[in-house]
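[1] Predicted model and sequence below, questions to follow.
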Amino acid sequence: MSPTVTLPPHPVPARPSRTGPAGAPKIEAEALSFFYGPKQALHDISVRIQPNVVTAFIGPSGCGKSTFLRTLNRMNDIVPGARVDGQVRVDGQDIYGPSVDVVALRRKVGMVFQKSNPFPKSIFENVAYGLRINGMATSRSELAGRVEESLKQAALWDEVKDRLHESALAMSGGQQQRLCIARALAIRPEILLMDEPASALDPIATQRIEELVYGLKRDYTIVIVTHNMQQAARVSDHTAFFWLGKLVEFDRTDKIFTAPAEKLTEDYVTGRFG
Amino acid sequence: MRSRDLGFRLAVGTFALLLVLIVAAIGFELVRQSWLSIDRFGLGFWRTSLWDPVGGQFGALPFIWGTLYSSIAALLLAAPVALGIAVFLSELSPHWLRGPLTFLTELLAAIPSIVYGLWGIFVLVPAVRSLEASMPEGLRQLPIFSGPPLGVGMLSAALILAVMVVPFTSAVAREVLKTVPLAQREAAYALGATRFEAIRAALFYARTGIVGAVMLGFGRALGETMAVTMVIGNNPQVSASLFAPQYTMAAVIANEFTEATDALYLSALVEIGLVLFIITLLVNGLSRGLIWMMARRSPARAV
């Protein structure tokens, strides 16, 4: 789907009408631009993401929502030719600053991917991986305890407690995705980034993920990318709408879906294009 | 259109079948030509060490030993280097260096065996001789370093084989590493992995294929003839020493085939060929199987 074919009836506003609801932000992007080689994927994005809420990024394919999500834990660093302009601050600290420890950043900002990507190891070892490489469990019992706790948080424990040492690849798609969530939670991040976590799952598995996301916001700041507007409406408190690499509008989810400030947002959420 | 399609399929199918038939025919012919020896010595051929063409006594053990010893030693030397090259080329190398380096390592595979042999005789063997001579007395007491420092012998053979196997193994290992999904590395990075830890995760994912790549190099080392014949010393003995001149199956066939005048002698040499054929087929079959399993990414076993 090429975005040039379905041009919006209105031009993208030069400045987004809102950069987010008020309050002290957990994550703050300021004038962020992103380039894949010569191609600019994000234009001058400024947002303020609040702690302990679920923030959804919506927009059509190729609008830059996933790219923006991946700038928040510097996952784009591993893409050759990627370049960032502007600032992203987490807890007030610029994560692209010269003295930043990327490993520590990613420990604090966990991520779940579109396609579940468990390691070809046992269920237990998948969850234990992050704890092991970061030296976060000093004893076997502590390790086992944290694995159990994470699997419980991801609502997976009851299904797998009797087969922790079986291969993770033998699980269903929905279970694999919840395992990836448990794996991300095990190292106790403060922020959880989710890149279309349910797009490859059936409706029932999707619902379980959504319930999980809703429950997790008490302890985590969650940013979820989705191309499914109903999903954004169901799980999120705040919603940001992206279009052609630009942020169009960012506000409370109910406002975005019922009384958006921009005509472009309204056309998108009412399904007039996209 | 349909019948033409069928014709095409039949034609290429025939070629494919032909290949299977050729392998089967080679096997059959090896058995037929070596029947005299098989009949005379039975399984003792695999187990006895006496190789006496004049007395009509033939045992292949020293050749089997020499072949396996040189190939395994070569493997131990080559595998870490080849793996290092593969990891460097696929994960760490700057982009501009990747092409030329890949080209150069693959060029190594194109050098004729005989040229390696000449290099072995004039450069490697003298170097190995002085290395052996400078070995401290304490170490010389160990069985694997015993015997006079001749230069020619197992160590030279293993080294030359290792050099010949490295480009091969590293090329396959690189291909295998390429099949590891980016999502696996991303999963590791997202959990706070360093570059080294992410590479380890990728290697773990690719482990079956990596083993296959190493075994494929092993299969190649087993059958390598010319360069080994020129540096191994060609002495049929079962010795644990890296310094001892020994013999391989391929080398004895190459050296003695023209002078094998009586039927039993000839038959015994062909049987050595048969043994080599069987071992090589098994090793290659196993390694191809492992790589294939990897490419297909069957759900791996839990560890």
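    Happy to help now that I have it.

[2] Give the closest residue to residue 73 in space, chain neighbours not counted.
    You didn't pick a chain, so chain A it is. residue A:109 (4.0 Å; CB to CB, 6 or more residues apart in numbering or on different chains). Glycine gets a C-beta too; all of them are placed from N, C-alpha and C.

[3] meant chain B actually
    That would be residue B:158: by CB to CB, 6+ apart, it lies 3.6 Å from residue B:73.

[4] Confirm for me that that neighbour is in contact with residue B:68.
    No: using CB atoms under 8 Å, residue B:158 is not in contact with residue B:68; the gap is 11.5 Å.

[5] neighbour-wise, which of the two wins?
    residue B:158 (25 against 16; other CB atoms under 10 Å in any protein chain shown).

[6] and residue 211, what helix or strand is that in?
    Just going to use chain A. Residue A:211 is located in helix A:203-216, with elements delineated by DSSP states H and E.

[7] Let me rephrase: I mean chain B.
    helix B:207-223.

[8] ok, and does that helix reach over to chain A?
    No: using CB under 8 Å from any CB of the partner chain, helix B:207-223 stays clear of chain A, coming no nearer than 8.6 Å.

[9] Send me that helix as PDB with only the CA atoms.
    What follows is helix B:207-223, C-alpha atoms only, in PDB (Å, rounded to 0.1, in the frame of the first residue of the first chain):
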ATOM      1  CA  ARG B 207      23.900 -24.400  16.100                       C
ATOM      2  CA  THR B 208      22.600 -27.300  14.000                       C
ATOM      3  CA  GLY B 209      23.700 -25.700  10.800                       C
ATOM      4  CA  ILE B 210      27.000 -24.700  12.200                       C
ATOM      5  CA  VAL B 211      27.700 -28.300  13.200                       C
ATOM      6  CA  GLY B 212      26.700 -29.300   9.700                       C
ATOM      7  CA  ALA B 213      29.100 -26.800   8.200                       C
ATOM      8  CA  VAL B 214      32.000 -28.200  10.300                       C
ATOM      9  CA  MET B 215      31.100 -31.700   9.300                       C
ATOM     10  CA  LEU B 216      31.000 -30.800   5.700                       C
ATOM     11  CA  GLY B 217      34.600 -29.600   6.000                       C
ATOM     12  CA  PHE B 218      35.400 -32.900   7.700                       C
ATOM     13  CA  GLY B 219      34.000 -34.700   4.700                       C
ATOM     14  CA  ARG B 220      36.200 -32.700   2.500                       C
ATOM     15  CA  ALA B 221      39.300 -33.400   4.600                       C
ATOM     16  CA  LEU B 222      38.600 -37.100   4.500                       C
ATOM     17  CA  GLY B 223      38.900 -37.400   0.800                       C
END
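
[10] Against which helices or strands is that helix packed?
    helix B:61-87, helix B:154-178, helix B:263-296 (3 or more CB pairs under 8 Å, 6 or more residues apart in numbering or on different chains; DSSP states H and E).

[11] Now mean pLDDT too, for those helices, in TSV please.
    Shown next, in TSV, are the helices and strands packed on helix B:207-223 (pLDDT from 0 to 100):
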stretch	mean pLDDT
helix B:61-87	95
helix B:154-178	93
helix B:263-296	88
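
[12] Contact distance from chain A - what residues of the stretch 1-150 of chain B qualify?
    Counting by CB under 8 Å from any CB, the stretch 1-150 of chain B sits next to chain A at residue B:95.

[13] any weak-confidence spans in the stretch 1-150 of chain B?
    B:1-2 (pLDDT under 70).

[14] how about the residues of the stretch 151-274 of chain A near chain B?
    A:165-170, A:180, A:183-184, A:187.

[15] 6 Å instead?
    Taking CB under 6 Å from any CB of the partner chain as the criterion, the neighbours of chain B within the stretch 151-274 of chain A are A:166-167, A:169.

[16] which of those count as buried?
    The neighbour-count criterion (16 or more other CB atoms under 10 Å in any protein chain shown) marks A:167, A:169 among those as buried.

[17] possible to save the residues of the stretch 151-274 of chain A next to chain B as JSON lines with distance to residue A:175?
    Listed next are these as JSON lines, based on distance: CB to CB, whole Å:
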{"residue": "A:166", "distance to residue A:175": "11"}
{"residue": "A:167", "distance to residue A:175": "12"}
{"residue": "A:169", "distance to residue A:175": "11"}
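
[18] tally of neighbours for the closest residue to residue B:135 other than its chain neighbours?
    Distances taken as CB to CB, 6+ apart place residue B:145 nearest to residue B:135, at 5.8 Å, with adjacent residues excluded. By the criterion of other CB under 10 Å, residue B:145 has 18 neighbours.

[19] Isn't residue B:145 up against residue B:136?
    No: using CB atoms under 6 Å, residue B:145 is not in contact with residue B:136, being 9.4 Å away.

[20] Can you give me the buried ones in stretch A:196-208?
    Buried-residue list, stretch A:196-208, by 16+ other CB under 10 Å: A:196-198, A:201, A:205-206, A:208.

[21] Tell me, how many residues neighbour residue 263?
    Picking chain A for this. Count around residue A:263 with other CB under 10 Å applied: 15.

[22] nope, chain B
    11.

[23] Please report the distance of the residue nearest to residue A:37 when sequence neighbours are not counted from residue B:6.
    Using CB to CB, 6+ apart and skipping residues adjacent in sequence, the residue nearest residue A:37 is residue A:81, 4.1 Å away. Residue A:81 is 49 Å from residue B:6, where distance means CB to CB, to the nearest Å.

[24] same deal with residue A:104?
    From residue A:104 to residue B:6 the distance is 64 Å (CB to CB).

[25] Residue A:215 now?
    Relative to residue B:6, and taking CB to CB, residue A:215 is found at 61 Å.

[26] which residues of the stretch 1-150 of chain B fall in strands?
    B:51-52, B:57-58 (DSSP state E, counting those that start in this stretch).

[27] which residues touch residue A:241?
    A:58-59, A:248-249, A:265 (CB atoms under 6 Å, 6 or more residues apart in numbering or on different chains).
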